[in-house]
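Trainee: Sequence isn't available, so here's the structure alone:
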């Protein structure tokens, strides 16, 4: 950090996580004359700054370590991996969007050196150094990294890490609401037979104007950012718009990431959010998740495309999610009773366990649970990744991180007289 012989421009900043935002942050800092070294698990390189294959190499050289990762479990994993390489005077700045409890846990783990600093803004905002940064840290530590943060945008002080994380989720909730409101407007306009260009022109004049202007290229079927060139697009159906726009490589903030944030907010506030369920469904409908080298890859689908996905009745989504939430309660508590609530009595749970295929009937599966939470339950995490409803059947996927193991659960659900139930579950287990 700055001393009598260093300046903010001579310190080294390690950026861990080079997705859209991480790359934009690193490139902005490098463009401002700062020494930047980056790392990402994918091994992606960037011409604007140095990258290394081992995060410990980056951290060992760094005065500031900046995290730009997808979620709390990723932050935990990376921090655990590099903790021994941190110098005693290195400050860790976390720009990732995580749950309040996850932010508080990271602050407790790293102590005064930790700055929780989620950002408001997109990739172009980061490139322009115009982010809004919600920073929580000891006053002296924040003062040390303020020049770095101010190269990225305007710093707004938050009381503590959990508060900063909660404020970021609430801010993203307003974005989710705007996206879904835009979807409703476009669907009503399509039903009235209104030309899409005229509808977008008028919407730009109203409360959604900023969002429409930024995302118009996705909304009018031409793809790309804010390009108004070319011939006016013909009125586009939701399907045609989604298909055309999904092909563009310029997504700035994905539906999947926003759905993840709304799921975190719903869990933290203990208040069900329509936006969490509807964005999860929109993410599944907008583009299929594919598998690359054994890993699930989230489609690069910009949030604007959620406005092009037909709405699913919120009451239906709530009903479909009910057995999935019961399933989550069973894992969190170790009590088998919620599993009996979630599954049909005829259900089977299938997958590869200890190298062999297993197919448990429900009673046998329930006997695996001791009736109390696992000893490491505070460190475990679970999330619903996608839900698709097809009349009286539905499918869902879920990710569970239990210690060193990550599980991908795939569910088949059916609607029966008493509501929705899980008919069968299959899972894939991946060790560390």
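Mentor: Received the coordinates, thanks. All figures in this text were calculated on a predicted structure; none of them were measured in a lab.
Trainee: Can you tell me which residue is spatially central in the chain?
Mentor: By Cα atoms, centre = their mean, the chain has its centre lying nearest to residue 257, at 3.0 Å.
Trainee: So that one versus residue 35, what's the distance?
Mentor: 29 Å (Cβ to Cβ, to the nearest Å). In this view, the C-beta of every residue, glycine as well, is placed from N, C-alpha and C.
Trainee: I'd like the average pLDDT over the host helix or strand of residue 268.
Mentor: Under the criterion of DSSP states H and E, residue 268 resides in helix 255-269. Averaged across helix 255-269, pLDDT comes to 89.
Trainee: again, but for stretch 33-44
Mentor: On average, stretch 33-44 scores 90.
Trainee: Next, the buried residues of that stretch.
Mentor: Neighbour-count burial for stretch 33-44, counted by 16 or more other Cβ atoms under 10 Å, picks out 34, 35, 36, 37, 38, 39, 40.
Trainee: What distance do you get for the first one to residue 106?
Mentor: Using Cβ to Cβ, residue 34 is found at 24 Å from residue 106.
Trainee: Likewise for the second one?
Mentor: Residue 35 is 25 Å from residue 106, where distance means Cβ to Cβ.
Trainee: tell me the secondary structure for the residue nearest to residue 165 when sequence neighbours are not counted?
Mentor: Spatial nearest neighbour of residue 165, chain neighbours left out: residue 103 (3.8 Å); criterion: Cβ to Cβ, 6 or more residues apart in numbering. Under the three-state scheme (DSSP: H, G, I helix; E, B strand; the rest coil), residue 103 adopts helix.
Trainee: ok, residue 103 - how many residues close by?
Mentor: 28 (other Cβ atoms under 10 Å).
Trainee: swap in residue 92?
Mentor: Number of residues near residue 92 (other Cβ under 10 Å) recorded here: 29.
Trainee: And what about residue 134, helix, strand or coil?
Mentor: strand.
Trainee: now the residue nearest to it when sequence neighbours are not counted: how far from residue 91?
Mentor: Distances taken as Cβ to Cβ, 6+ apart put residue 164 closest to residue 134, at 4.5 Å, once the chain neighbours are dropped. According to Cβ to Cβ, residue 164 stands 15 Å off from residue 91.
Trainee: One more: residue 405?
Mentor: 32 Å.
Trainee: who has more neighbours, these two?
Mentor: residue 91 (25 against 12).
Trainee: how much does the longest helix belonging to the chain deviate in direction from helix 255-269?
Mentor: Ordering each helix of the chain by length in residues (DSSP state H) puts helix 161-191 first. Inter-element angle recorded for helix 161-191 and helix 255-269: 130 degrees (by axes from the mean of the first three to the mean of the last three Cα atoms, to 10 degrees).
Trainee: Quick one: name whatever helix or strand follows helix 161-191.
Mentor: helix 196-203.
Trainee: residue contacts, the residue nearest to residue 165?
Mentor: Listed by Cβ atoms under 8 Å, 6 or more residues apart in numbering, the contact partners of residue 103 are 72, 94, 116, 136, 161, 162, 164, 165.
Trainee: List just the nearest of those residues to residue 22.
Mentor: Nearest to residue 22 among the contacts of residue 103: residue 94, at 11.6 Å, using Cβ to Cβ.
Trainee: re the thing from before, thinking the residue nearest to the centre of the chain is in contact with residue 70, fair?
Mentor: Yes - using Cβ atoms under 8 Å, residue 257 makes contact with residue 70 at a distance of 7.2 Å.
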